[in-house]
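turn this into a structure:
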Amino acid sequence: MEINRRMFLFQAGLARLASATSWPLSASERQATVPVHTNDLPITPTPQQKAWMDLRFGMFIHFGINTYYDKEWSDGTLNPIAFNPEKLDTDQWCKTAVEAGMKYIVFITKHHDGFCLWPSKHTAYTVAASPWKGDLVAKVANSAAKYGLKLGLYYSLWDRNQKLHDTNELAYVDWMKFQLQELLSNYGDVVELWFDGFWKKQNHGWSKKLEINGEAGFLEKNHDRDLAFINAWRMEGAFRWQMDHLYQFIKSIQPNCLVMNNATTAYPGVPLHPVDIRSGEKYTSPNKNDLKVWDWLNGMVYLPLQIETTMSVKGNEQFKSGNWFWHEWDHSVASKETILNYLNVSRQMDANLLLNCGPMANGKLRPEDVEVLSNLKSE
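Take a look at the predicted model:
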């Protein structure tokens, strides 16, 4: 009798979930969500996911060769001679994060341009070729540990400097593994690995060109469209990037590192399997339709959400809602009230908020960002 009662309550909960969404769960999803055995429990986060969810609020740091050339994206040809953060202060970054109530930091190790912020042995396009010549990933890792922050790393799959990207996909995956080995072996525990740039090997599934050339609106978002894109990804991008292999490779080095693959502003909250976290870039309005449980490997998995946005609110034609890297002309900044609203939205969606700061060319945070974050009383 008790087993039947638990089953009834669980199925009733599923019905409420379906009725609360603008798109009902499909018949196959409803069937897959119901436990195979009556003594199974509802799908919940893994211990690693729960520990990550408890962090709640983090700082995203966009810093690199683009910082010195007034760029958001660049093509892998910018001269490293310009990279020279003479007043670099990663302690300031982490101290400001802690004062704002943040508990983790995600640092850009390599953006689409391919310029590595650590002296990788597998490319010449790194900080070692700059006048600075240090190891910025190590600096950030040490400061994060000093201030009690968990460390996350961003790594762009798309590399515009490495020719293998366009000429030999299998060799390029092997090359990425060498770099990931460095990042996951030399800087301590990594709580999150944030992949970006998948779209360069995903030609199908997009409904509009805008979706891969900048910020896309959410007007066409619906569950069927999301599922169609997941299927397109599994049929093409995941294979070309060898993501199943990369995922297992990452776990072989750091089993507790959670993997995320940015699905772009066109598909916020859509998981590009295999992942442990979903990305919601610029997903800063409440969405009660966000699904936490997804079909994967003939079963259902819980996938928490991370919302990413930036302190800048004045962008360019490609990224209209705000810059990610520092630009001397951009002094715009999100207000305290705006950030508190972001935090409120993330709480409503049971998501983490990752708020970006783009340090200046001298290596310090913008005064505007420090002022707002230092006065932010997050709960």
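
SS state for I307?
Classification of I307 into helix, strand or coil gives strand, according to DSSP: H, G, I helix; E, B strand; the rest coil.

list the beta-bridge partners for it.
With DSSP bridges applied, I307 shows beta-bridge pairing to G280, L353.

list the contacts of it.
Contacts were defined as C-beta atoms under 8 Å, 6 or more residues apart in numbering; by that measure I307 touches G280, E281, Y283, T284, Y342, V345, S346, M349, A351, N352, L353, L354. Yep, even glycine has a C-beta here, placed from its N, CA and C like the rest.

now do D135
Under the criterion of C-beta under 8 Å, 6+ apart, the contact list for D135 reads W118, P119, V127.

state the pLDDT value of it.
pLDDT for D135: 98.

T264 contacts E281, correct?
Yes - here T264 reaches E281: they are 6.6 Å apart, a contact under C-beta atoms under 8 Å.

give me the common contacts of the two.
Shared contacts of T264 and E281, defined by C-beta under 8 Å, 6+ apart, are not found at any residue.

how close does L164 get to I253?
For L164, the distance to I253 (C-beta to C-beta, to the nearest Å) stands at 22 Å.

how close does I65 sit to L88?
Shown here: I65 relative to L88, a distance of 15 Å by C-beta to C-beta.

so these two - more neighbours on which side?
Per other C-beta atoms under 10 Å, whichever of I65 and L88 has more neighbours is I65, with 27 against 18.

what's near enough to touch that one?
Residues in contact with I65 (C-beta under 8 Å, 6+ apart) are K71, S74, L78, P80, A82, F83, H111, D113, F115.

and which of the residues you listed is nearest R56?
Ranking the contacts of I65 by separation from R56, with C-beta to C-beta as the measure, puts H111 on top at 25.7 Å.

and the closest one, how many neighbours?
Residues contacting H111 under the criterion other C-beta under 10 Å number 29.

what is the burial count for the nearest residue to R234 once chain neighbours are set aside?
The shortest distance from R234 to any non-neighbouring residue, by C-beta to C-beta, 6 or more residues apart in numbering, is to H273 (6.6 Å). Using other C-beta under 10 Å, H273 has 19 neighbouring residues.

got it, and N84?
Counted by other C-beta under 10 Å, the residues lying close to N84 total 16.

what's L170 in contact with, if anything?
Contact partners of L170, counting by C-beta under 8 Å, 6+ apart, are Q242.

got phi/psi on it?
Listed backbone geometry of L170 is phi -70, psi -40, with angles given as degrees, to the nearest 10.

need the three-state assignment for the residue nearest the centre of the chain.
The central residue of the chain, meaning the one whose C-alpha is nearest the mean C-alpha position (C-alpha atoms, centre = their mean), is W194 at 4.3 Å. Following three-state DSSP, the label given to W194 is strand.

if the nearest residue to it once chain neighbours are set aside is in a bridge, with which residues?
Once its chain neighbours are removed from consideration, W194 has its nearest residue in Y154; the separation is 4.2 Å (C-beta to C-beta, 6+ apart). Applying DSSP bridges to Y154 yields these beta-bridge partners: I108, W194.

help me confirm that Y154 comes into contact with C116.
No - counting by C-beta under 8 Å, Y154 stays clear of C116, with 12.0 Å between them.

who's more crowded, these two?
Between Y154 and C116, counted using other C-beta under 10 Å, C116 has the larger neighbour count: 30 against 23.

show me where the stretch 201-350 of the chain has strands.
Using DSSP state E, counting those that start in this stretch, the strands found in the stretch 201-350 of the chain span residues 258-261, 278-281, 293-296, 299-302, 305-310.

oh, that last question was meant for the stretch 51-200 of the chain, not what I typed.
Counting by DSSP E, counting those that start in this stretch, the segments of the stretch 51-200 of the chain that form strands are 57-61, 104-110, 150-156, 192-196.

point out the other helices and strands that the third one packs with.
So the one you mean is strand 150-156. In this structure, strand 150-156 makes packing contacts with strand 57-61, strand 104-110, helix 136-146, helix 169-185, strand 192-196, judged by 3 or more C-beta pairs under 8 Å, 6 or more residues apart in numbering; DSSP states H and E.

how does it look with 7 Å?
If you count contacts as 3 or more C-beta pairs under 7 Å, 6 or more residues apart in numbering; DSSP states H and E, strand 150-156 packs onto strand 104-110, helix 169-185, strand 192-196.

among these, which is the most enclosed?
Highest mean neighbour count among these (mean count of other C-beta atoms under 10 Å): strand 104-110, with a mean of 26.

tell me how many other residues crowd the closest residue to G134 other than its chain neighbours.
In this structure, G134 finds its nearest non-sequential neighbour in V127, 6.2 Å apart by C-beta to C-beta, 6+ apart. Summarising burial for V127: neighbours were counted as other C-beta under 10 Å, giving 24.

any idea how far V127 lies from S120?
Distance check for V127 against S120: by C-beta to C-beta, it reads 9 Å.

one more: Q162?
Here the distance between Q162 and S120 works out to 11 Å (C-beta to C-beta).

where does the stretch 151-300 of the chain have low pLDDT?
Within the stretch 151-300 of the chain, the set of residues satisfying pLDDT under 70 comprises 208-220.
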